[in-house]
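Okay, here's the prediction I keep looking at, along with the sequence it came from:
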Amino acid sequence: MSGGVDSSVAGYLLREQGYDVVGVTMKVWPQDCISRAEDKCCGPQAVADARGVAHALGIPHYVVDEADQFERVVIDYFSTEYQAGRTPNPCVMCNEKLKFGSLWEKAEALGCDYIATGHYAIIEHHADRAVLRKGVDPRKDQSYFLFSLRQPQLQRALTPLGGMSKPAIREIARSLGLKVAEKVDSQEICFVPGNDYKAFLRSHLGENEFHRGGIYDLSGEFLGEHGGLELFTIGQRKGLPGGSAQPRYVVDLDPATNRVIVGSAEDLVSEEFEIDRVNWVSRGALEEPSEVTVKIRYSHPGTRATVTPLEGNRASLRLHEPQKAVTPGQAAVFYENDVVLGGGWICRQTALVPA
């Protein structure tokens, strides 16, 4: 229970379905986050809201301290990915390693059979495996963030909101008199105050840990210095030298040389890339090239592609229509209709400009 309306209504729905529900809130705030994120799910107000909802629903409530694990698994990953010239997705990592990972030990200690969350996704339980599907509300679907869950995790997971819309969930909360019924959804990373990841990295890493270097165009011409590879991501326009006849964008980041490579909008377009650490979610590993719909980031609408399994838990994706800003470090998740077939992490390609 995060203290928001979604997990609150999820608890109510499961109670009504006859489950013996136990509310658990993870305390995940590290010391350098708590003072600036009081209103987030990593802040103390969230714990108070979750406790109030549990009391209103008549279910027990526990707080488990996952701060050290969150620091190691999520925040350190977040920082090191930027240092490596990749753009991280901490929500996927938190789901896999904490919410459906280390929390299971606590759930077992409480005598629980499942971990349930307020995610907008559908998990169907079959005799031999679980199938992950998109939530029915396309504006809220969160199946993308669950692609890395393994079958044992999915088989003991419940997502009761997957078949519902957000307005319907708020209406249920209003009918129950829950004070979180009108609570605003956070659109930000929970541990990054003001959604300013650069300020967070400066605070968490310190200026001396930034990887400074040069900004170059695709011809290899030096354009200026930059204050840290961590301050850039593929597709970015801000913070680049001016003086060009057309807008410049970050098209590549080279952690080996700390170079930021810039080009035109056309240079952002990709039609083929590879992913690693592939997880085949709902129907087992594909044996042959298959046509799928792939999302290259959470906000991406999806596009048709051919996925080809490779050795070493990798796969290649050929996009039927080239897409902009295919970003290393982000997840590429592929679907067959509304079923999540699998996904993996976008790899960095060969450097566009030789060192």
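Everything's here; your move.

Show me the longest helix that occurs in this structure.
helix 44-57 (DSSP state H).

Outside of that helix itself, list whatever touches it.
1-4, 7-8, 11-12, 15, 21, 23, 25, 27, 29, 34, 38-40, 60-61, 63, 176-180, 183 (C-beta atoms under 8 Å, 6 or more residues apart in numbering). Placement of C-beta: from N, CA and C, glycine included.

what about it, distance to the chain center?
25 Å (C-alpha atoms, centre = their mean, to the nearest Å).

In the stretch 151-300 of the chain, what residue spans correspond to helices?
With helices called from DSSP state H, counting those that start in this stretch, the stretch 151-300 of the chain shows them at 151-155, 166-175, 197-205.

can you tell which of the ones you listed is closest to Ala315?
helix 151-155 (18.4 Å; C-beta to C-beta).

What residues sit buried inside the longest helix of the chain?
Ala46, Val47, Asp49, Ala50, Arg51, Gly52, Val53, Ala54, Ala56, Leu57 (16 or more other C-beta atoms under 10 Å).

of all the residues you listed, which comes closest to Gly329?
Ala46 (27.4 Å).

Which positions in stretch 119-129 come out as buried?
His119, Tyr120, Ala121, Ile122, Ile123.

try stretch 162-170
Gly162, Met164, Ser165, Ile169, Arg170.

Make JSON lines from those and add distance to Arg156 and pLDDT to it.
Shown next, in JSON lines, are these (distance: C-beta to C-beta, whole Å; pLDDT from 0 to 100):
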{"residue": "Gly162", "distance to Arg156": "16", "pLDDT": "97"}
{"residue": "Met164", "distance to Arg156": "22", "pLDDT": "97"}
{"residue": "Ser165", "distance to Arg156": "26", "pLDDT": "96"}
{"residue": "Ile169", "distance to Arg156": "23", "pLDDT": "96"}
{"residue": "Arg170", "distance to Arg156": "28", "pLDDT": "96"}
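
Pick the one among these closest to Arg304.
Gly162 (24.3 Å).

which ones are touching the closest residue to that closest one other than its chain neighbours?
Residue nearest to Gly162 in three dimensions, not counting chain neighbours: Ile122, with 3.6 Å by C-beta to C-beta, 6 or more residues apart in numbering. Taking C-beta under 8 Å, 6+ apart as the criterion, Ile122 is in contact with Leu132, Arg133, Lys134, Gly135, Val136, Ser143, Thr159, Gly162, Gly163, Asp338.

Likewise for Ala157?
Phe100, Tyr114, Ile115, Ala116, Thr117, Ile123, Ala130, Leu149.
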